[in-house]
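A.B. asks: Predicted structure and sequence below. I'll ask about it afterward.
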Amino acid sequence: MGRIIAFSNQKGGVGKTTTVVNLAAALGDRGKKVLVVDFDPQGNTTTSFGIRKKSIRNTSYEAVIGQCRIVEAIVATQFKGISVVPTSQKLSGAEHEIADMDNRSARLKMQLLTVKDDYDYILIDCPPTLNLLNINALVAADGVIIPILCEYLSLEGLVEIDDTIRKIRQNFNPKLEIDGILFTMYNSRYNLTGMVVDEVKKYFPDKAFETVIPRNIALAEAPSFGEPVLYYDKKAKGTKAYEDLAKEIEKRRKKADKVK
């Protein structure tokens, strides 16, 4: 059975979409079958895979409001092992449309359960605000990966998302786990970087990934070419970092499965 992982942080600009896109590519390159769900109305994940939004008939919007089955919204990509459920700006209005529907917090979960067994990983790119869309993603997920910048204010965002996860556990999804905290745009030359890392490890022991994502120009350039960094620049530091992250996630998953 596949594992559904939501990538969430209520603070924007933390490398959430970059992580979803490039981790998916690294996992796919390792022979895993990956479904990426773009659940952010901005649609940057969709664009980063070179998918033209105007050519799409069904998206995560149609799926979550019940106009189509999610399998009808899946788009195959040219990248090894990766399929995508794209999004459009219409998703921004879905929160109001599903507010009065049955199981409004589990709309995405009900859809993903129909395809979960077909993939090794389902990665959900969440919007950067706490709304009904984000709640749907967390209710659907088995685990959460929280990307954060190595900046002081990022600690506040981490506390907020941790509080949200606790509430989701209490009210909707008791099995939801924090799969890991990922440091992005990492620069070891800054003293603040080390301070932030130490604080996170103090309050969230064993949750921080050993892998860190460096500041890297190739990571910033790749989306404009509609491809993950692995395909844009195989030798880039960003490529190596996401390959290492994929290995670490696989290792953690195997260890957790043994415990179960």
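C.D. replies: That came through fine.
A.B. asks: What mean pLDDT does stretch 230-248 get?
C.D. replies: In this model, stretch 230-248 carries a mean pLDDT of 97.
A.B. asks: Same check on stretch 168-187?
C.D. replies: Here the average pLDDT along stretch 168-187 is 93.
A.B. asks: Mind listing what's buried along it?
C.D. replies: Using 16 or more other CB atoms under 10 Å as the test for burial, stretch 168-187 gives 168, 172-173, 176, 179-186. Just so you know, the C-beta spots here come from the backbone N, C-alpha and C atoms, and that holds for glycine as well.
A.B. asks: So which of those residues sit within helices?
C.D. replies: Per DSSP state H, helices hold the following members of the buried residues of stretch 168-187: Ile168.
A.B. asks: can you name the two of the buried residues of stretch 168-187 that are farthest apart?
C.D. replies: Longest distance between any two of the buried residues of stretch 168-187 is 32.8 Å, between Phe172 and Tyr186; criterion CB to CB.
A.B. asks: ok so, going back, for the buried residues of stretch 168-187, could you give me TSV that also reports distance to Gly2?
C.D. replies: Formatted as TSV, the buried residues of stretch 168-187 follow (distance: CB to CB, whole Å):
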residue	distance to Gly2
Ile168	20
Phe172	20
Asn173	16
Leu176	16
Asp179	14
Gly180	18
Ile181	22
Leu182	20
Phe183	26
Thr184	25
Met185	29
Tyr186	29
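A.B. asks: Alpha carbons of the helix or strand hosting Met195, as PDB, please.
C.D. replies: For Met195, the host element (DSSP states H and E) is helix 191-203. What follows is helix 191-203, C-alpha atoms only, in PDB (Å, rounded to 0.1, in the frame of the first residue of the first chain):
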ATOM      1  CA  ASN A 191      25.400  31.400  12.500                       C
ATOM      2  CA  LEU A 192      21.600  31.700  12.500                       C
ATOM      3  CA  THR A 193      21.400  28.500  10.500                       C
ATOM      4  CA  GLY A 194      23.000  26.400  13.200                       C
ATOM      5  CA  MET A 195      20.900  28.100  15.900                       C
ATOM      6  CA  VAL A 196      17.600  27.300  14.100                       C
ATOM      7  CA  VAL A 197      18.700  23.700  13.500                       C
ATOM      8  CA  ASP A 198      19.600  23.300  17.200                       C
ATOM      9  CA  GLU A 199      16.300  24.700  18.400                       C
ATOM     10  CA  VAL A 200      14.300  22.400  16.100                       C
ATOM     11  CA  LYS A 201      16.200  19.400  17.200                       C
ATOM     12  CA  LYS A 202      15.700  20.400  20.800                       C
ATOM     13  CA  TYR A 203      11.900  20.600  20.600                       C
END
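A.B. asks: Tell me which other helices or strands the longest helix along the chain touches.
C.D. replies: When the chain is scanned for its longest helix (criterion: DSSP H), the result is helix 237-259. Judged by 3 or more CB pairs under 8 Å, 6 or more residues apart in numbering; DSSP states H and E, the packing partners of helix 237-259 are helix 16-29, strand 177-184, helix 217-221, helix 229-232.
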